[in-house]
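A.B. asks: Provide a 3D model corresponding to the input given below.
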Amino acid sequence: MYPGGIVHSFYLIAIHEWLEKGMVKTSTELERAIRDMMVYSSNDATGLVVDILTGTTSGPELSPGPFQTWKYQRNFVNRYFLSPKWPELKSINVNQKTWSDGPYGGERIFQGLLMENRNILTTHGTARLLHSIVGGVAVSPQASQKMMNLLKKNPSQDGYKTTIKDQAIGFLDDSLPQDTQIWSKGILDTQVRHNFAYIELPNLKPYLLVTFIEGKNISQNDRILPYLSQKFLEAMKTLS
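C.D. replies: Below you'll find the model as predicted:
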């Protein structure tokens, strides 16, 4: 399914891998972009992260030769996620930036005439990714902890559920008790409402929940994900 900003989490792991291996150098602007990509789902911040990951930049259409090189570089992240040989990630595509109005120039050509080269993710693959972060094996224990810090939701923080557009009312945590510990990312646009979460509650086994909703009308229904989350919580209580 088209993942919207859920793809940011894949770029999050990739940029930490690049940093740990010395393939790129950190900077104040890169750190700011990583945070804004995850906390605010900023498309502009994501653009910088993708540029640094792949050594490419957006711009006008390119002639065939340079365009082939550009496309090869833009598939660096795809090749990275195929390397661990996780079967859950075989069908993904994570080579596109995320946009507000849409791509132009070479970026639009790269998506394909029918947009067949858009980003694609599955709930299973996303759950596998989140599981690796939670388990401390995404890149390294230290990098995994940094990623967990960016995914942690704090109900007392300024603007929680009110000023962050893509993590507003209508997501998995809306129906959970106040004492829930949750690490998550939610995305809402005109076509999709996606959410993934790692959830810890007193006296319950911790669990992962990944939900994708696609469709112009159904994605705007802010009651679906809280309902699913509540039903899942009720089922988890039978396992404790």
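A.B. asks: use CA for all of it now, contacts and neighbours both
C.D. replies: OK.
A.B. asks: which residues does residue 142 contact?
C.D. replies: Residues near residue 142 by C-alpha atoms under 8 Å, 6 or more residues apart in numbering: residue 136.
A.B. asks: Buried ones in the strand or helix carrying residue 225, by neighbour count?
C.D. replies: In the assignment (DSSP states H and E), residue 225 maps to helix 224-237. Residues 224, 225, 226, 227, 228, 229, 230, 233 are the ones in helix 224-237 that count as buried (16 or more other C-alpha atoms under 10 Å).
A.B. asks: pLDDT weak spots in the chain?
C.D. replies: Across the chain, residues meeting the criterion (pLDDT under 70) sit at 155-168, 240.
A.B. asks: Tell me how it divides into domains.
C.D. replies: Split into domains by automatic domain parsing, the chain comes to 1-141, 154-240.
A.B. asks: And the first one, how far out from the chain middle?
C.D. replies: Shown here is domain 1-141, whose average C-alpha point lies 9 Å from the average C-alpha point of the whole chain (C-alpha atoms, centre = their mean, to the nearest Å).
A.B. asks: let's number from 14 now, not from 1
C.D. replies: In the new numbering, first residue 14, that becomes domain 14-154.
A.B. asks: Any idea how far apart the tips of it sit?
C.D. replies: Across its full length, domain 14-154 reaches 30 Å end to end, with C-alpha to C-alpha, to the nearest Å as the criterion.
A.B. asks: Number of residues surrounding residue 198?
C.D. replies: For residue 198, the neighbour count with other C-alpha atoms under 10 Å is 27.
A.B. asks: Okay, buried residues for stretch 59-69 please.
C.D. replies: Across stretch 59-69, burial judged by 16+ other C-alpha under 10 Å covers 59, 60, 61, 62, 63, 65, 66, 67.
A.B. asks: what secondary structure does the closest residue to the third one other than its chain neighbours sit in?
C.D. replies: By the measure of C-alpha to C-alpha, 6 or more residues apart in numbering, the closest residue to residue 61 outside its immediate chain neighbours is residue 46, 6.9 Å from it. Recorded secondary structure, residue 46: helix (DSSP: H, G, I helix; E, B strand; the rest coil).
A.B. asks: the helices in the chain, which residues?
C.D. replies: With helices called from DSSP state H, the chain shows them at 21-33, 41-52, 56-67, 77-87, 89-95, 119-124, 136-147, 154-164, 237-250.
A.B. asks: And the contacts of the third one?
C.D. replies: Among residues not part of helix 56-67, those counted as contacts by C-alpha under 8 Å, 6+ apart are 21, 24, 27-28, 31, 37, 43, 45-47, 49-50, 69-70, 86-90, 110-113.
A.B. asks: Let's see the ChimeraX selection covering just the buried ones among these.
C.D. replies: Per 16+ other C-alpha under 10 Å, the buried members of the contacts of helix 56-67 correspond to this ChimeraX selection:
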select :21,24,27,28,31,43,46,47,49,50,86,87,88,89,90,110,111
